[in-house]
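[1] show me the folded form of this:
(2 chains)
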Amino acid sequence: MNELRTLTALELGAAIRRGDVSIPEVTVLALNAAESAPHNAFITLAGAEAMRRAEELQKGLGDASSPLYGVPMAIKDNICTRGIRTSCASKILGDFRPPYEAAASAKLAAAGALSVGKTNMDEFAMGSTTETSFYGPVKNPWDLSRAPGGSSGGSAAAVASRTCWYALGSDTGGSIRQPASYCGVTGVKPTYGTVSRYGLIAYASSLDQIGPLARDAADCAAVLDVIQGRDPRDGTSLDGRYGHLLEGLTGDVRGLKIGLPVDCFGDGLDGEVRRAVLAVADVLKSRGAEVVELPFPVMEYVVPTYYIIAAAEASSNLSRFDGVKYGWRAEGYDGLTDLYNKTRTQGFGMEVKRRILLGTFVLSSGYYDAYYRKALQVKAVIKEAFDRAFESCDLLLTPVAPATAPRLGESLSDPLKMYLSDVYTVSVNLAGLPGLSMPCGFDLSGLPIGAQLIGPHFGEGRLLNAAHAFQLDTDYHKRAPKGGITA
Amino acid sequence: MTWETVIGLETHVELATKTKIFCSCTTAFGGDPNTHCCPVCTGMPGTLPVLNKRVLEFAVKAGLALNCSITRYTKFDRKNYFYPDLPKAYQISQLYLPICRDGRVDIGGKTVRIHELHMEEDAGKLVHDPWIDQTRADYNRCGVPLIEIVTEPDFRTAEEVIAYLEKLKETLQYLGVSDCKMQEGSLRCDVNLSVRPAGSGELGTRTEMKNLSSFKAIARAIAYEANRQIELITEGKRVVQETRRWDENKDATYAMRSKENAQDYRYFPEPDIPPVRLSEEYLDALRAALPELAGAKRARYQADYSLPEYDCQMITSDPALAAFFEDTVALGAPPKQAANWIMGQVLAALSARAMEPKAMPLTPPTLARLIALVGEGRLNRNTAVKVFEAVFDSDGDVDAYVREHGLEQISDASLVEDVVTRVLASNPKSVADFRAGKDKAFGFLVGQVMRELKGKADPRAVNERLRARLAGEGPAPSRGGPRE
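    Residues are numbered from 1 along each chain as shown, chains lettered A, B, ... in the order given. A predicted model of the protein is given here:
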């Protein structure tokens, strides 16, 4: 049975439709793997629901047409699932069970997806290591002493360890791409708006986007084909306008112009990472792509701009967690203000409180112009820098992170260093662009290295096809961590 | 020293859309607590607001009617504060690019400038239960759409304030964008007031008064607060800029605790709602569809129908009433008669039923028919009033009712009597023939009477009266009232 775990989601879907394996069988496989895995990748395993669902899907198999039908997957715990605890890895949500289902997971369910549970994450998606979770840190399947990245660290670890075949994550400043990179899986942050945010518990509304983490580009394309599209319940949502992604994966990159922003390969970038990322350009060049170097002179502004805007929105978005209506409420309060103070002081973790305070400060009267308004102006400058870059190339190739996965415990003591490690990913969210992270090598410690492809708005097809071309010629995405498969 | 009072108003008006501003819950007033709400308007995690296009349309209509310039690129902003009646802990409102700016309203020769008009969502209600000493939150009102209309400090007297509010109410009701019921809170007014020595060009320190639930309360609060400030200044004390609450029972204002100690709402652009661009076509279409407002109607009624000013005032006091009047006239009813019916029977019937004109079951064709029957001399007016009462609640068929109850004027003996008298007088030969024993002549006379009465008379009644008159009886006395 364990060789099933080495299949991609599309391969497993085909095996299920051929009748090689039943949906309940693979569901048991996934649930057992999740229960025995040492990674703490899940906050909630919905075993009973998953088995019920597996039986139901098996009965309907005859009419199944979706390539993902019956394939076990997992959902990041900031995506609302009807009747199943959705905690955002925070104490303050307590045992919150939403009476509604997020648009993205509902669309997947309609295509026959089978969720085994909710994955661990940084609290409210605030963090780059999945160590800020109230439910404890996630361990990187490649090295249990290391962080899986974050905030979608549980989703990345569940896919990397071959526990489930794909997962949903969310990406506000790199939260899909960076853990995908640290865990050696492929992840896509779609063009802002193309996946409905309905049911995604907001961190920074103007930057948040749901996307897939999976074994390869083709699996990501299959998931995006299902979840993309305008949703009347999300006013910022729109159609992907890029046609059918899976069908577009030809591997043909002849004439594709790949831009290398020189400012992304300068100081602060680990040498092994640099070599591995630049090697991606060589592989694509050998398939007929062109590579051009270009300036991208805004890198020093992207991190502060991101942290001002994201924190400002977060301070407002998280105000609703006040102990009045749902979730957890502190005990022993005296009056309304005390109820607020005690609940929020005890209910939020340190990193969340840090960002709420930062956001509250930058929106305060007298500071708004100096920080928030200025950040919006810089955001426009960053967008222009991308617009200029895409005048001379079709997509950009950059690192995902300056280095491979850090040791657990290393980052929490120095939040500023953690923030700075987001330098290659946050600009993509500020500009609303699609970004993809894929495995492109391993460092000397055997840790995965990721490369990032960035496209213009609605450029998902281009990104996925380039990644697919790379994956046709390499096998980094096929390598699994030793602990991952208990064969 | 003479003092001048300077007043500016902030008026919140609930829009009469069927659904809330960001979700599809009903906006109906009342309802059991927390039955008119959903995950969106209660701010559950992960839910998102989606702008109700109707709200935009109503706000633009209001802005156009108040002579505002309309913002072609408008945005929403978040106003952040903690309070249990505000489940998201922020109110979606407009600060930086409100939908309308720079309007004006004319009130009896004076122009009041509108600073801005913006869209926002209403909050819920907290109900304190002293019995169990607990406060409960009712979110039914959360997300009911509001427009806030802010004037410049252009008022000098309570009378001007009331005149403005009446004009505003009338305008918004005519537009159909709000029912403006102060008692249900769909029109709420905050009064900003300061005083200064007459002739001074500088504004004094102002206070803001809230909880003003009637025009009367507004007038009294203005008088009280102006006096309070004048006394303070006269005694050499300072007016403190603060929010004050009007206590209706005590007839006084009291300093109110603010919602947060520091009133820093940390406004910033609402990221969940994309900016709205208004096209010229959109605005032109709304402009073209603006209904005729009360003032224009009054002028037209006077000019076209020669109605007295009083009648015009009465009929235009409510848009539904004015529409009812116009439809009735369009069906052929003489305007003055239609006006009399509306000011008399219609208003009395509505008032007896405590009913709004727009809820009136009676339709214009029914009243027009009734007026026509009276005009054609087929019902006398007193009978018609009876018929009106009978058909009002069900909008019944006037002709059927008259027929079924034998109320046609024919059975009104005086009319039959008149016709009999006339027929007898104009047919002396037939009378002589009948008296000479020719029974055929009687049949002829019956025929004549029936023809005069358009065949709708009761033949037995005609027979009876003819025989009696031919037998020498005098005309029956005419009755003043309808037949019981």
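[2] for chain B, what lies in contact range of chain A?
    Counting by Cβ under 8 Å from any Cβ of the partner chain, chain B comes close to chain A at B:39, B:42-51, B:78, B:80, B:82, B:84, B:87-90, B:137, B:264, B:266-268, B:271-274. The way it works is simple: take the backbone N, C-alpha and C, and place the C-beta from them, glycine included.
[3] go with 7 Å
    Contact residues (Cβ under 7 Å from any Cβ of the partner chain) of chain B with chain A: B:39, B:42-46, B:48, B:50-51, B:78, B:80, B:82, B:84, B:87-90, B:264, B:266, B:268, B:271-274.
[4] mind checking which of the residues you listed land in helices?
    Nothing among those maps onto helices, per DSSP state H.
[5] in chain B, which helix is the longest?
    Per DSSP H, chain B has its longest helix at helix B:215-234.
[6] that one packs against which elements?
    Using 3 or more Cβ pairs under 7 Å, 6 or more residues apart in numbering or on different chains; DSSP states H and E, the elements in contact with helix B:215-234 are strand B:3-14, helix B:158-175, strand B:187-197, strand B:207-212, strand B:252-255.
[7] just send the ones you listed back as CSV, with distance to residue B:125 and mean neighbour count too.
    What follows is the helices and strands packed on helix B:215-234, written out as CSV (distance: least, Cβ to Cβ, whole Å; neighbours: other Cβ atoms under 10 Å in any protein chain shown):
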stretch, distance to residue B:125, mean neighbour count
strand B:3-14, 13, 21
helix B:158-175, 23, 20
strand B:187-197, 13, 21
strand B:207-212, 13, 20
strand B:252-255, 21, 15
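[8] can you redo those as CSV with mean pLDDT?
    CSV is the format used below for the helices and strands packed on helix B:215-234 (pLDDT from 0 to 100):
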stretch, mean pLDDT
strand B:3-14, 96
helix B:158-175, 94
strand B:187-197, 94
strand B:207-212, 87
strand B:252-255, 85
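[9] nearest to residue B:300 among the ones you listed would be which one?
    Among these, helix B:158-175 comes nearest to residue B:300, with 13.5 Å by Cβ to Cβ.
[10] in chain A, what residue comes closest to chain B?
    Proximity of chain A to chain B (Cβ to the nearest Cβ) peaks at residue A:319, 3.3 Å away.
[11] quick check: residue B:171 touching residue B:293?
    Yes. Counting by Cβ atoms under 7 Å, residue B:293 is a contact partner of residue B:171 at 5.9 Å.
[12] ok, now which ones touch the residue nearest in space to the middle of chain B?
    For chain B, the residue nearest the mean C-alpha position is residue B:318 (4.0 Å; Cα atoms, centre = their mean). If you count contacts by Cβ atoms under 7 Å, 6 or more residues apart in numbering or on different chains, residue B:318 has them with residue B:357.
[13] also residue A:192?
    A:209, A:432 are the contacts of residue A:192 under Cβ under 7 Å, 6+ apart.
[14] same check on the one 10 residues further on?
    Taking Cβ under 7 Å, 6+ apart as the criterion, residue A:202 is in contact with A:208, A:317.
[15] surely it is within a strand?
    No. Secondary structure assignment (DSSP: H, G, I helix; E, B strand; the rest coil) places residue A:202 in coil, not in a strand.
[16] look up phi and psi at it.
    phi -70, psi 140 (degrees, to the nearest 10).
[17] measure the residue nearest to the centre of chain B to residue B:308 for me?
    Distance, residue B:318 to residue B:308, using Cβ to Cβ, to the nearest Å: 18 Å.
[18] and for residue A:276?
    Distance from residue A:276 to residue B:308, by Cβ to Cβ: 92 Å.
[19] swap in residue B:122?
    Counting by Cβ to Cβ, the gap from residue B:122 to residue B:308 is 41 Å.
[20] more crowded one of the two?
    residue B:122 (25 against 13; other Cβ atoms under 10 Å in any protein chain shown).
[21] what residues are up against the residue lying closest to the more buried one once chain neighbours are set aside?
    Among residues not flanking residue B:122 along the chain, residue B:144 sits closest, at 4.1 Å (Cβ to Cβ, 6 or more residues apart in numbering or on different chains). With contact set as Cβ under 7 Å, 6+ apart, residue B:144 has these partners: B:14, B:20, B:27, B:122.
[22] now with 8 Å, please.
    Counting by Cβ atoms under 8 Å, 6 or more residues apart in numbering or on different chains, residue B:144 makes contact with B:14, B:15, B:20, B:21, B:27, B:121, B:122.
[23] which one among those residues gets closest to chain A?
    residue B:21 (12.0 Å).
[24] I'd say that closest one and residue B:119 touch.
    Yes. Judged on Cβ atoms under 8 Å, residue B:21 makes contact with residue B:119 at a distance of 7.2 Å.
[25] between those two, what contacts are shared?
    Common neighbours of residue B:21 and residue B:119 (Cβ under 8 Å, 6+ apart) are B:55, B:145, B:146.
[26] quick one, strands of the stretch 301-450 of chain A?
    Residue ranges of the strands in the stretch 301-450 of chain A, as given by DSSP state E, counting those that start in this stretch, are A:395-399, A:435-442, A:448-454.
[27] wait, which of the ones you listed is closest to residue A:198?
    Closest among these, using Cβ to Cβ: strand A:435-442, at 22.0 Å.
[28] got a list of contacts for that closest one?
    A:171, A:176-178, A:180-181, A:184-189, A:217, A:220, A:272, A:275-277, A:279-280, A:400, A:425, A:428, A:448-455, A:463-464, A:467, A:470-471, A:474, A:476-477, A:479.
[29] sheet-wise, list the partners of that strand with their directions.
    Using DSSP bridges, strand A:435-442 pairs in its sheet with strand A:186-189 (antiparallel), strand A:448-454 (antiparallel).
[30] what ranges in chain B fall below the confidence cut-off?
    Regions of chain B meeting the criterion pLDDT under 70 cover residues B:257-262, B:380, B:408-412, B:454-460, B:476-484.
[31] what does the stretch 351-487 of chain A give?
    Ranges of the stretch 351-487 of chain A meeting pLDDT under 70: A:483-487.
[32] can you pull out the helices in it?
    A:374-392, A:415-420, A:426-430, A:460-473 (DSSP state H, counting those that start in this stretch).
[33] just how off-centre is the shortest one within its chain?
    By that I understand helix A:426-430. Taking Cα atoms, centre = their mean, to the nearest Å, one finds the center of helix A:426-430 at 13 Å from the center of the full chain.
[34] for chain A, which residue occupies the most central location?
    residue A:176 (1.9 Å).
[35] OK, contacts around that one?
    Contacts of residue A:176 (Cβ under 8 Å, 6+ apart): A:152, A:155, A:169, A:170, A:187, A:188, A:189, A:211, A:212, A:213, A:437.
[36] out of those, which one sits closest to residue A:312?
    Nearest member of the contacts of residue A:176 to residue A:312, counting by Cβ to Cβ, is residue A:170, at 18.4 Å.
[37] nearest spatial neighbour of residue 302, chain-adjacent residues omitted?
    Here I'm looking at chain A. In space, residue A:302 is closest to residue A:427, 4.2 Å off (Cβ to Cβ, 6+ apart).
[38] please refer instead to chain B.
    In space, residue B:302 is closest to residue B:312, 5.7 Å off (Cβ to Cβ, 6+ apart).
[39] show me whatever sits in contact with both of residue B:171 and residue B:293.
    residue B:65.
[40] ok, the residue lying closest to residue A:341 once chain neighbours are set aside - how many residues close by?
    If the residues on either side of it in the chain are set aside, residue A:341 comes closest to residue A:333, at 7.8 Å by Cβ to Cβ, 6+ apart. Burial of residue A:333 is recorded as 15 neighbouring residues (other Cβ under 10 Å).
[41] residue A:333 contacts residue A:344, doesn't it?
    No. Here residue A:333 does not reach residue A:344: they are 11.1 Å apart, not a contact under Cβ under 8 Å.
[42] wait, residue A:396 sits on residue A:388?
    No. Taking contacts as Cβ under 8 Å, residue A:396 lies outside contact range of residue A:388: 11.5 Å.
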